[in-house]
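Chemist: Quick one: sequence plus predicted model below, questions after.
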Amino acid sequence: MDLGLPYRGIRRKDLLAEMLHVLEDLHVGTLIFPTFTFSFCNNEPFDVQHSRTPMGALNEYARTHGTGVRSRDPLLSVFVMGDPFNLVDKPGRESIGRDSAYDRLHRCGKSAKFLFLGTDMRQCFTYTHYVEAIIGVPYRYNRTFTGTIIDNGAENVGQEAVLYTCYANCRLNPIPVVHNAMRAAGQLHTAPLGDTELCCFAEKDAWETLKSLLYENPLCLTDGTFDPTIHDTTYNNDTRIVSVK
């Protein structure tokens, strides 16, 4: 764990329970945990109640022990505690773009914040791809996957889910452009936490910063070598998919 070594006598589940309790004690109206599985990308069925998420021990603990509800998105599901708004209602086909959980969060009219607890936003800020999808960047496209969704034991075969993924000839920018821009604008609120740090920022700030960056340079999140005249849709899933390519 990046948070540092816990007290030797504490059990793993007790530590996770305490972390979840701390978050619940924030008394915010809604807590949203990413419980992505990319099930259809990995040629697996998605079981709403039982499919594990690789998005971290705390997220998986919240899914299995928290009082809430999980969305039926077979790629990028979320587990919501508190007021769910319409975040877990019947999802749209797009897991990142229009009518996705990110889109509903953006349009909910509430004050929404992202909290990175140990994890570094420079490595896994999936919301970035939502803004790319809404604006429409030249290096990504909608790819459709099909599979089976299992909900309370009932199987729904032939379901479709759309992922906004990179063309195979695209390489992403190794420089953390979004992080650097938000930090320069004073939008990131950080605090030391064990061996790492806590980072919190407003969804509206992330939206405005990303929108500004992409309108100024639609290729700013790539390494500059992408040829927009070549649309290579080769998709290699020989290895397990655990993030948006």
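Modeler: That came through fine. Numbering: from 1, shown residues only.
Chemist: Going by neighbour count, which residues of stretch 87-106 are buried?
Modeler: 87-88, 91-92, 94-97, 99-106 (16 or more other C-beta atoms under 10 Å). C-betas here are computed from N, CA, C, even on glycine.
Chemist: Not counting its neighbours along the chain, what's nearest Ala191?
Modeler: In space, and not counting its chain neighbours, Ala191 is closest to Leu198: 4.9 Å by C-beta to C-beta, 6 or more residues apart in numbering.
Chemist: Kindly export the helix or strand the one you found falls within (C-alpha atoms) in CSV.
Modeler: Element membership of Leu198, judged by DSSP states H and E, is strand 196-202. Taking Å, rounded to 0.1, in the frame of the first residue of the first chain, the C-alpha atoms of strand 196-202 are listed here in CSV:
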residue,chain,number,x,y,z
THR,A,196,2.0,9.4,-0.5
GLU,A,197,-0.5,12.2,-0.7
LEU,A,198,-4.2,12.9,-0.8
CYS,A,199,-5.4,15.0,-3.8
CYS,A,200,-8.9,16.5,-4.2
PHE,A,201,-10.3,18.8,-6.9
ALA,A,202,-13.6,19.9,-8.4
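Chemist: show me where the chain has strands.
Modeler: 30-34, 46-47, 68-70, 78-82, 113-117, 140-151, 154-166, 189-193, 196-202 (DSSP state E).
Chemist: Any chance of the ones you listed in TSV with mean pLDDT, distance to Val244 and mean neighbour count as columns?
Modeler: Output for the strands of the chain, formatted as TSV (pLDDT from 0 to 100; distance: least, C-beta to C-beta, whole Å; neighbours: other C-beta atoms under 10 Å):
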stretch	mean pLDDT	distance to Val244	mean neighbour count
strand 30-34	97	11	19
strand 46-47	98	16	21
strand 68-70	96	19	17
strand 78-82	96	14	21
strand 113-117	94	16	16
strand 140-151	97	9	17
strand 154-166	96	7	17
strand 189-193	91	24	11
strand 196-202	93	20	17
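Chemist: closest to Ala62 out of these?
Modeler: Proximity to Ala62 (C-beta to C-beta) singles out strand 30-34 among those, at 4.7 Å.
Chemist: Show me what the closest one packs onto, helices and strands only.
Modeler: Using 3 or more C-beta pairs under 8 Å, 6 or more residues apart in numbering; DSSP states H and E, the elements in contact with strand 30-34 are helix 57-65, strand 78-82.
Chemist: Need the contact partners of that strand.
Modeler: 23-24, 53, 55, 58-59, 62-63, 66, 68, 76, 78-85, 87, 101, 105, 110, 126 (C-beta atoms under 8 Å, 6 or more residues apart in numbering).
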